[in-house]
Structure formats: structure tokens, C-alpha cells
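[1] structure for this input, please:
(one chain, ligands or ions: 2)
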Amino acid sequence: MSDLNPCMSCGACCAYFRVSFYWAEAEDGGGSVPVHLTEPLTPFLRCMSGTNQRESRCAALEGSPGSATRCAIYENRPSPCREFAMSGEDGQVNEACNRARARYGLPPLYKDMLFHTSLEDATAELSRVQLPVN
Ligand code: SF4
Ligand code: SF4
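    Residues are numbered from 1 along each chain as shown. Ligands and ions are numbered 1, 2, ... in the order given. The predicted structure follows:
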């Protein structure tokens, strides 16, 4: 993936879905997700605080969804966040990603878009298709 990662200017999935996971992923169960940023959901599940409500927004999300965002606990985020793929990543469209993006007025992402290619490969490809200068 290139430095033009659309997630950096999106964050829509962190302010759209309920982010639930097995309770033991939190610190008090031996995991790494900060407990104070979670809420109990069932005897076996927790969710990220702020995501179990109509206007969802994860308590760990910094910034403005749809423009510039950052996960404050990126290294310790729960499994649903680690497993959620940006649409187009690895050649797979993720409709859930695109649905969240649409909520914030962002266009859908499809496979084979330029930012799914490394900067070196994209530059090489652009050089290849450019017409030679006479
Ligand atoms: S909605 Fe998709 S593009 Fe936006 S931050 Fe989530 S994974 Fe990235
Ligand atoms: S923990 Fe981080 S990656 Fe997961 S929903 Fe919250 S802000 Fe997004």
C-alpha cells in the first residue's frame, strides 16, 4: 500500500459500526485493549465505548470522520479493527467499508486503484504508460 492510504483521511468505519469483541481482548482479560475505552455488552462480549449507540463513534477515534482521523490505540486495537479491510485491499471489494464511507460523503473504493499499489510500482507503471517526449 502506498503513503496515499485513504484510511488516513477517512475513519468512517470507526464512526459507523458497533465494534464488539470477546471480552478477554481487553486488558483485564489478559489482552491489550484499554478497559476504560470499552463497555460491557454481554457476559462474553465488550464493545468499544461509543459504538453501541445510534450515532456511533469509537471513543478511541481522534479527528473528524471523512477528513482526518487517527486511532489513539492503534497498536492495541481489538480484532474487528485489525481484521476490517479497506475496500480494494488485496483485490477485494469490502462493501461495509464503502457503506461507511458513503455515510460521510466519501466515494467508494474499488480494487486496482492507484493507492493499493506501492509508490515505487505506481511510479513505474505511470512511467511505462507515459508517451515518450519527442
Ligand atoms: S471505512 Fe474503509 S477507507 Fe475508511 S477508514 Fe475504514 S477501512 Fe479505511
Ligand atoms: S479502536 Fe481504533 S481502529 Fe478500532 S474503531 Fe476505535 S478508533 Fe477505529
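[2] only C-alpha atoms from now on, for both contacts and neighbour counts.
    OK.
[3] quick one: the helices in this protein, in order.
    79-83, 95-103, 119-129 (DSSP state H).
[4] so residue 30 touches residue 24, yeah?
    Yes: assessed by Cα atoms under 8 Å, residue 30 is found in contact with residue 24 at 6.1 Å.
[5] these two: which has the busier surroundings?
    residue 24 (15 against 10; other Cα atoms under 10 Å).
[6] ok, now how distant is the more buried one from residue 35?
    Applying Cα to Cα, to the nearest Å, the value for residue 24 to residue 35 is 10 Å.
[7] also residue 8?
    From residue 8 to residue 35 the distance is 25 Å (Cα to Cα).
[8] and for residue 41?
    Applying Cα to Cα, the value for residue 41 to residue 35 is 13 Å.
[9] more crowded one of these two?
    Neighbours per residue, other Cα under 10 Å: of residue 41 and residue 35, the larger number sits with residue 35, 19 against 15.
[10] what separates the more buried one from residue 79, distance-wise?
    Taking Cα to Cα, one finds residue 35 at 15 Å from residue 79.
[11] how many residues are close by residue 48?
    The tally of other residues near residue 48 (other Cα under 10 Å) stands at 28.
[12] sweet, I'm off.
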